[in-house]
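[1] Sequence and predicted model, in that order:
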Amino acid sequence: MPDIHIERNHTLGIAGAREVARQWVQQVEQDYGLECTYTEGKTCDVAQFSRPGIDGTVEVTADTFKLEATLGFLFSSFSEQIEQKISRNLDALLDSPSGGTRFA
């Protein structure tokens, strides 16, 4: 069971959602040192991310983003703050002019 679960609906379509997801991946790689891989699928893309103490995935479809992360012992006591920060960052990308409007 993940420690963090964030789901957002959107109206970007798969191409717009991919752009937002790639921006998010780039941001967390730079800001938090996460190592990410991004795999495009026909109807669902998956970004996997990890670093010591955190592992997770972001599933991207034409109308949803779903992030799940499992935190290690040291990070688990900060799960609420981490989830809030991730939510704010994702919401900012979804609300940006290039990302469209969030409907979640």
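    That came through, no problem. Numbers count the residues shown, from 1 in each chain.
[2] which helices and strands sit right next to the helix of greatest length in the chain?
    In terms of residue count, the longest helix belonging to the chain (DSSP state H) is helix 13-32. Applying 3 or more C-beta pairs under 8 Å, 6 or more residues apart in numbering; DSSP states H and E, one finds that helix 13-32 contacts strand 35-39, strand 45-51, strand 54-60, strand 64-71, helix 79-95. Where C-beta positions appear, they are placed from N, C-alpha and C, glycine not excepted.
[3] Bridge partners for residue 59, pull those for me.
    According to DSSP bridges, the partner residues bridging residue 59 are residue 46, residue 66.
[4] And it, how close does it get to residue 68?
    Residue 59 is 8 Å from residue 68, where distance means C-beta to C-beta, to the nearest Å.
[5] Show the low-confidence segments of the chain, by residue range.
    Scanning the chain for pLDDT under 70 picks out 97-104.
[6] Quick one: residues contacting residue 59.
    Contact analysis of residue 59 by C-beta atoms under 8 Å, 6 or more residues apart in numbering lists 44, 45, 46, 65, 66, 67.
[7] Double-check the first one against residue 58; I have them as touching.
    Spelled out, that is residue 44. No. In this structure residue 44 lies outside contact range of residue 58 using C-beta atoms under 8 Å: 10.6 Å.
[8] more crowded one of these two?
    Ranked by neighbour count (other C-beta atoms under 10 Å), residue 44 and residue 58 place residue 58 first, with 23 against 15.
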